[in-house]
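Student: Provide a 3D model corresponding to the input given below.
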Amino acid sequence: MLVTGFPAEAFGTNCYVVAAGPGEQCLIVDPGIGVLDQLEETLAQHRLHPAAVLLTHGHLDHTFSVAPVCGARGITAYVHPADLEMLADPSKGLSADLNQIFGGRLEYSEPDDVAELTDGAVLSIAGLEITVDHAPGHTGGSVLFRLPGDATVGETEELCFSGDVLFAGSIGRTDLPGGDTATMMTSLRDKILPLADDTVVLPGHGPATTIGRERASNPYLRELTAAPRRGF
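Tutor: Numbers count the residues shown, from 1 in each chain. As a prediction, this is how the structure comes out:
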């Protein structure tokens with residue numbers, strides 16, 4: 001499996017590209033602000049052909065380039081229905097302060113072809129199988145994308161594209177529209193903690209990590225591990 005990524009020009013949002021191998025079809029995860037040139041370079045370098053865009057959630061810093069990426073190739077964008085409205089109007093996911101900063105200053109359009117994600121669905125695209133876990137809390141439609149490792153080359157660790165649910169050492173904020181702290185803690189308990197320790201986490205911001213590392217050191221997961229049923 002080929003997995004590569006790079007931070008967007010704004011907010012350091014990670015944009016990922018995943019494929020069965022070089023020269024194959026690929027999936028693009030979270031094309032944010034100012035990623036188009038670097039994305040084209042990445043696709044050309046590995047001779048990849050985009051088959052779909054996967055969105056971990058609907059915030060502008062993860063979705064800004066979805067329309068040009070999809071429109072140029074006639075491909076589908078996948079998002080959870082709870083975050084659909086943000087594809088049409090990104091301001092719905094922004095705080096009042098952020099709306100003052102960005103309101104009307106960024107030209108944005110929603111993709112023509114959008115498919116809705118459901119919890120537990122398994123997508124078979126580009127020769128890959130992706131399991132979808134609905135993990136609300138950061139937004140109502142936040143999801144995880146999980147892919148099995150490639151046992152044929154000795155890579156057995158599962159991959160988890162965690163969006164803004166889980167970061168190395170932290171979790172996503174819950175104070176924006178659609179966010180909820182109790183719901184986030186439930187998602188961490190029910191969707192993150194059951195994953196195997198060797199699961200590789202590729203977050204929406206910051207460096208990669210593993211579930212085992214976060215279980216041992218992330219203060220939010222440690223709190224849940226110490227009291228796993230505490231009112232969530």
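Student: distance of the residue nearest to residue 207 when sequence neighbours are not counted from residue 219?
Tutor: Nearest residue to residue 207, sequence neighbours excluded (Cβ to Cβ, 6 or more residues apart in numbering): residue 168, at 5.3 Å. Where C-beta positions appear, they are placed from N, C-alpha and C, glycine not excepted. Residue 168 sits 12 Å away from residue 219, taking Cβ to Cβ, to the nearest Å as the criterion.
Student: Among the two, which residue is more densely surrounded?
Tutor: Neighbour count, other Cβ atoms under 10 Å: between residue 168 and residue 219, residue 168 has more, with 17 against 11.
Student: For the more buried one, list the residues it contacts.
Tutor: 201, 203, 206-209, 213-214, 218 (Cβ atoms under 8 Å, 6 or more residues apart in numbering).
Student: now swap in residue 108 and tell me
Tutor: Residue 108 makes contacts with 60, 64, 67, 90, as judged by Cβ under 8 Å, 6+ apart.
Student: So which of these wins on neighbours?
Tutor: For the contacts of residue 108, the largest number of neighbours (other Cβ under 10 Å) sits with residue 64, at 26 neighbours.
Student: In its sheet, which strands sit next to the helix or strand where residue 50 lies, and in what direction?
Tutor: Using DSSP states H and E, residue 50 sits within strand 49-54. Here strand 49-54 is paired, per DSSP bridges, with strand 25-29 (parallel), strand 76-79 (parallel).
Student: Can you show me the helices along the protein?
Tutor: 36-46, 60-63, 66-73, 84-88, 96-102, 181-187, 211-217, 219-226 (DSSP state H).
Student: so can I have a markdown table of the contacts of residue 168 showing pLDDT?
Tutor: Shown next, in a markdown table, are these (pLDDT from 0 to 100):
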| residue | pLDDT |
| --- | --- |
| 201 | 98 |
| 203 | 98 |
| 206 | 97 |
| 207 | 97 |
| 208 | 98 |
| 209 | 98 |
| 213 | 97 |
| 214 | 97 |
| 218 | 97 |
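Student: can you pull the buried residues of stretch 170-183?
Tutor: 171-172, 174, 176, 178-180, 183 (16 or more other Cβ atoms under 10 Å).
Student: Start and end of that stretch, how far apart?
Tutor: 16 Å (Cα to Cα, to the nearest Å).
Student: chain center to it, what's the gap?
Tutor: 15 Å (Cα atoms, centre = their mean, to the nearest Å).
Student: Equivalent analysis for stretch 108-126, please.
Tutor: For stretch 108-126, the distance to the chain centre is 12 Å (Cα atoms, centre = their mean).
Student: pLDDT below threshold where in the chain?
Tutor: The model of the chain has pLDDT under 70 over residues 95-106, 150-156, 227-232.
Student: make it 50
Tutor: Under the criterion pLDDT under 50, the flagged ranges of the chain are 152-153, 228, 230-232.
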